[in-house]
Every structure is written in structure tokens, then in C-alpha cells.
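In: My questions are about this predicted structure, shown below with the sequence.
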Amino acid sequence: MEDIEKEFLEAYNTHSNQIFRFVFFRLNDREKAKELTQETFLKTWVYISKTGAMKNIRAFLYKVASNLVVDEYRRGGRAKITSLDLAMENGHDFAVEEKESLLDKLDGSQILELVKLLPKSYADVLYMKYVEDMSISEIAEAIDGSNNVVSVRINRGIVKLKKIVSQKMKQNEY
């Protein structure tokens, strides 16, 4: 039991911030994200204490967190919408000069806001791949899919994201 407790504490220290960011990205509510992060680790502890050590605790944590976020949406705790228009009203200038690349103008938070416009299946894998730096196989385990499914979702998500950025540029939102 001591080894299991040590493994769990190590997983908490290593992954708690990542899980919090993952949940916060989906809900955009800091307090609810903290609550669901705690619940993720509680459920993981209960599972580990009953079944023993597991092969890939990181993927398991993401799976639990993802399920809790889905449950939260079902209970009606919808994410707070952050309006890009409101950001512009508050003085943020997203205008892109002719010679300036869009990606040079957008910062990470703006890109994450655009990723939130994607279907959940694409947004989740893009987040895990590019924000949390998870491997294709780790993502596959976290979503209960194959490596091929993950690769396809990443590629399709990027294509859709490019279309969204293109539309925003045409509408002069950036």
C-alpha cells in the first residue's frame, strides 16, 4: 500500500497543474476547475487503492477529468463564454497588418479561445498534444481510441482551426 500511496502522491505532484489547466480550458471557471481537479484525484485514489498500481496514470487522470467535465456540462454548468468582442472593447487590438503573420499577432490565449470553437473531440486532442505535450499513444489511451484516431482528429482539428482563423481574418476580427 505504501508504494501505491507514493505513486499517487508523485502523480499528484506531477500532473495536478496539467489536469487543472485541462479542466479550466473546458469550463473557463477557476473554482469549478479546482473542484473537478480535486474530484479527479479523489476518484483516481479510490480506484488505485482498490485495484493497485496502474500502467499509465496520466492517461487515466485525463480520462477521469474529461468524464467529470462532461458530467458538469450535463448538469447544466456550461462554460462561461469569453467574448473576443469584449476584449476588443477593453482596448485589445487584434488588427493584423498586411505583412504581419496572423500567428505573430495572436497570443496563446487567443489561440486557445479559437480552439474552444472546435468540436470537443478535436479541441481535446489539440489541447493534449500542443499544450500538455502528450504523445499520440498517451492521448489515445486517455480518450480510449487508437493512435490513428488521434492523428486524424489532430489533423482535422488543425484544418478546422485554420478555417476559423481565416474566417475571423475576413471578418476583420483580428
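Out: Good, I have the coordinates.

In: My read is that residue 16 contacts residue 37, right?
Out: Yes: under the criterion of C-beta atoms under 8 Å, residue 16 is in contact with residue 37, at a separation of 6.5 Å. In short, each C-beta sits where N, CA and C put it, glycine included.

In: Have a look at these two and say which one is more surrounded.
Out: Neighbours were counted for residue 16 and for residue 37 using other C-beta atoms under 10 Å; residue 37 has more, 24 against 15.

In: in the host helix or strand of residue 16, what counts as buried?
Out: For residue 16, the host element (DSSP states H and E) is helix 2-27. Burial within helix 2-27, assessed by neighbour count using 16 or more other C-beta atoms under 10 Å, is assigned to 8, 11-12, 15, 18-27.

In: cool, stretch 118-129 as well?
Out: Here stretch 118-129 shows 118, 122-129 as buried, counting by 16+ other C-beta under 10 Å.

In: and that stretch, what's its mean pLDDT?
Out: The pLDDT scores in stretch 118-129 average 91.

In: okay, now residue 34: neighbour count?
Out: Look at residue 34: counted by other C-beta under 10 Å, it has 13 neighbours.

In: In contact with it: list those residues for me.
Out: The neighbours of residue 34, taking C-beta atoms under 8 Å, 6 or more residues apart in numbering as the test, are residue 20.

In: The one 10 residues further on now?
Out: Shown in contact with residue 44 (C-beta under 8 Å, 6+ apart): 8, 11, 57, 60-61, 64.

In: quick check, nearest of those residues to residue 73?
Out: Among those, residue 64 lies closest to residue 73 (C-beta to C-beta), at 15.3 Å.
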